[in-house]
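>>> no FASTA, just this:
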């Protein structure tokens, strides 16, 4: 099994910090400052969209790496 490197040299860690962490922060800000009754729903939708986009990118990235390593 490949060792996981938790540093910014790892593209997966960089992408996570660029996509997921801002989505979580925006979701928290929506929950705190929104006057709507659906503020929790909006926050969950923003956070879910961030996670979904990260994992879709990760699937394509891992496929590309696997193809590159098999050549």
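Great, that's in hand. Predicted, not measured: the structure shown is a model, and the values here were computed from it. Residues are numbered from 1 along each chain as shown.
>>> and stretch 33-50, what's its mean pLDDT?
Averaging pLDDT along stretch 33-50 gives 93.
>>> For that stretch, which residues meet the burial criterion?
Neighbour counts over stretch 33-50 (16 or more other Cβ atoms under 10 Å) mark 43, 46, 47, 50 as buried. Any C-beta I mention is one placed from the backbone N, CA and C, and that applies to glycine too.
>>> so the first one, which of the three states?
Spelled out, that is residue 43. Classification of residue 43 by DSSP: H, G, I helix; E, B strand; the rest coil places it in helix.
>>> quick one: contacts for the closest residue to it other than its chain neighbours?
Distances taken as Cβ to Cβ, 6 or more residues apart in numbering place residue 27 nearest to residue 43, at 3.8 Å, with adjacent residues excluded. By Cβ atoms under 8 Å, 6 or more residues apart in numbering, residue 27 lies in contact with 42, 43, 44, 46, 47, 50.
>>> Kindly indicate which of those residues lies nearest residue 5.
Nearest to residue 5, judged by Cβ to Cβ, of the contacts of residue 27 is residue 50 at 22.5 Å.
>>> helix or strand for that closest one, which one?
Assigned by DSSP states H and E, residue 50 belongs to helix 39-70.
>>> Fine by me, we can end here.
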